[in-house]
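Asks: Return atomic coordinates for the entry below.
(one chain, ligands or ions: 2)
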Amino acid sequence: MSSAAVIPDSISTAISGAAARDWHPQSWQSKAAIQQPSYPDQAALASALTELARLPPLVTSWEVNALKAQLAQAQSGKRFVLQGGDCAESFADCESGLIANRLKVLLQMSLVLVHGLQQPVLRIGRFAGQYAKPRSTDTETREGVTLPSYRGDLVNAPEFTAAARVPDPQRLLTAHARSAMTMNFVRGLIDGGFADLHHPEYWNLDWAQHSPLAGDYRQRVESIGASLRFMETLAGQTIGDFNRVDFYTAHEALLLAAEAAQTRQVPRQPGWYNLSTHFPWIGMRTAALDGAHVEYFRGIRNPIGVKVAPDMNAEWVQQLCEILNPQNEPGRLTLIHRMGAAKVEQYLPALIDAVRKKGHEVLWICDPMHGNTRALENGYKTRRFDDILREVELSFEIHAACGSRLGGVHLELTGEDVTECLGGARDLTEDDLHRAYRSAVDPRLNYEQALELALRIVSIKSAAGR
Ligand code: PEP
Ligand code: CO
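Replies: Ligands and ions are numbered 1, 2, ... in the order given. Alright, predicted model coming up:
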């Protein structure tokens, strides 16, 4: 349902300076808003949204603009994007060890990619706000009992009880607070030198030593250290810029009332910014051209992503580009294709051609996770490492053959030793899954599998360059 009736005046802010025509942060309410929860207590929802609209933002417009400029560089082939994190964050997982390990694996992967691709890597986390999930059905039935579906910690709780599944507006505020805590910790770690390339030894997770790929990884780290020392000797000074890396946040902007409450105007900048994240994206299920999500996204100034699925035809994708980036602004629009290894050859080339034919300038990145999900007979939802790798490999080839460029990857991963995806160097099998299957939603690459994927991307690219 749409919560149109309850949006308080205080957040239906005055319409001024909006770049898009006939748009304001609540204009989505005149369109069909799917995947929205049904809140039983509308007064409580209104009061939570009013408070959310008053709270300080999680990101600034300067950061959002800086990200857009870097995405523009990726679009012109000068950077590679690494976007990754959990399928869904949970309030319980807002915990120092988990956050630090996820940051570590993303930094380690980016180190491998920078070195192997000889290109700057743009790091974007699927975190600090990835709390809402689209669902295929509004309700879930178990043993004759039907309850509302779990829609992510932003909305309700996963336990299968009537009380847990009631959408609770208070969660909007908890999500804002947990996102702020996550962001604060990530910023602190990065500012404190956690990502310092001079100390790659800080990055090693204990059990990586047992990985069959540990040797390859260690060699790369040593080689990066040696290159850095060489450059510093040459320059006669420490290369300060290497102490810091940029890190940006992203989430699927699904719950439009919450996104709109965090959409603000800022001094001396035209238009409206979603200041809950740097890089919101539209999920596959909410990308209808006449839907509320596309309406909301067309008016914000952030760089944005849209998932592109096999059932989208050329015209649909062309129209998305037209509506979401009519000025062809560099860095504004990223198309994240998620076809599946078995379908990418059939569906992707026509879409790349269609976008180019209309003169739309976009950044293409590949999500090799969501088209490769399988349900096993033992009840687990999983993905095969080989399918994930294959989709990335094919995507590089297809873009090259179409005169386009694959500018990055979008992954579901964790820094923990979970057993959710099959295969990888340790060859996890179906019998291993029960050991550490922790995801409440989609299966994630574990630490080793994620690092292996980064190493394999480098091999694919160097083989193609030879
Ligand atoms: C996701 O990214 O978790 C997701 C649900 O993806 P998609 O919209 O591509 O299915
Ligand atoms: Co997912």
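
Asks: got the residues of this protein near ligand 2?
Replies: If contact is defined as C-beta under 5 Å from the ion, the residues of the chain in contact with ligand 2 are Cys87, Asp442. Bear in mind the C-beta positions are built from the backbone N, C-alpha and C, glycine included.

Asks: Where does pLDDT dip in the chain?
Replies: Scanning the chain for pLDDT under 70 picks out 1-19, 195-210, 237-245, 466.

Asks: Contact partners for the most centrally placed residue in it?
Replies: Central residue check for the chain by C-alpha atoms, centre = their mean: the C-alpha nearest the mean position is that of Arg126, 3.8 Å away. Applying C-beta atoms under 8 Å, 6 or more residues apart in numbering to Arg126 gives the contacts Gln83, Gly84, Gly85, Asp86, Cys87, Ala250, His251, His410, Glu412.

Asks: Swap in 7 Å and give it another go.
Replies: Gln83, Gly84, Gly85, Asp86, Ala250, His251 (C-beta atoms under 7 Å, 6 or more residues apart in numbering).

Asks: so of those, which ones are in helices?
Replies: Counting by DSSP state H, no part of the contacts of Arg126 is found in helices.

Asks: Just those: which are in strands?
Replies: Using DSSP state E, the members of these that fall in strands are Gln83, Gly84, Gly85, Ala250, His251.

Asks: Over to the residue nearest to the centre of the chain: give its phi and psi.
Replies: Torsion angles at Arg126 (phi, psi; degrees, to the nearest 10) stand at phi -90, psi 70.

Asks: Quick check: the gap between it and Leu445.
Replies: 12 Å (C-beta to C-beta, to the nearest Å).

Asks: Buried by neighbour count, from the contacts of Arg126: which ones?
Replies: The neighbour-count criterion (16 or more other C-beta atoms under 10 Å) marks Gln83, Gly84, Gly85, Asp86, Ala250, His251 among the contacts of Arg126 as buried.

Asks: so where do the strands sit in this protein?
Replies: Listed in chain order, the strands of the chain (DSSP E) span residues 80-85, 121-125, 139-142, 145-148, 248-252, 263-264, 273-274, 279-282, 304-308, 333-337, 363-366, 374-375, 381-382, 406-412.

Asks: The ones you listed: which one's closest to ligand 1?
Replies: strand 304-308 (3.7 Å; C-beta to the nearest ligand atom).

Asks: Does anything pack onto the closest one? Which helices or strands?
Replies: With contacts defined as 3 or more C-beta pairs under 7 Å, 6 or more residues apart in numbering; DSSP states H and E, strand 304-308 has these neighbours: strand 279-282, helix 314-324, strand 333-337.

Asks: so which of these gets nearest Glu377?
Replies: strand 333-337 (29.3 Å; C-beta to C-beta).

Asks: which secondary structure elements does the closest one contact?
Replies: Counting by 3+ C-beta pairs under 7 Å, 6+ apart, the elements that strand 333-337 packs against turn out to be strand 304-308, strand 363-366.

Asks: what angle do it and helix 314-324 make?
Replies: Interaxial angle of strand 333-337 relative to helix 314-324 (axes from the mean of the first three to the mean of the last three C-alpha atoms, to 10 degrees): 150 degrees.

Asks: Name the residues that touch strand 333-337?
Replies: Identification of contacts with strand 333-337 by C-beta under 7 Å, 6+ apart yields 71, 281, 303-308, 321, 324-325, 348, 362-367, 410.

Asks: likewise stretch 131-148?
Replies: Stretch 131-148 is contacted from outside by 35, 88-89, 149, 151-156, 160, 162, 165, 175, 252, 254-255, 283, 285-286, 441, using C-beta under 7 Å, 6+ apart.
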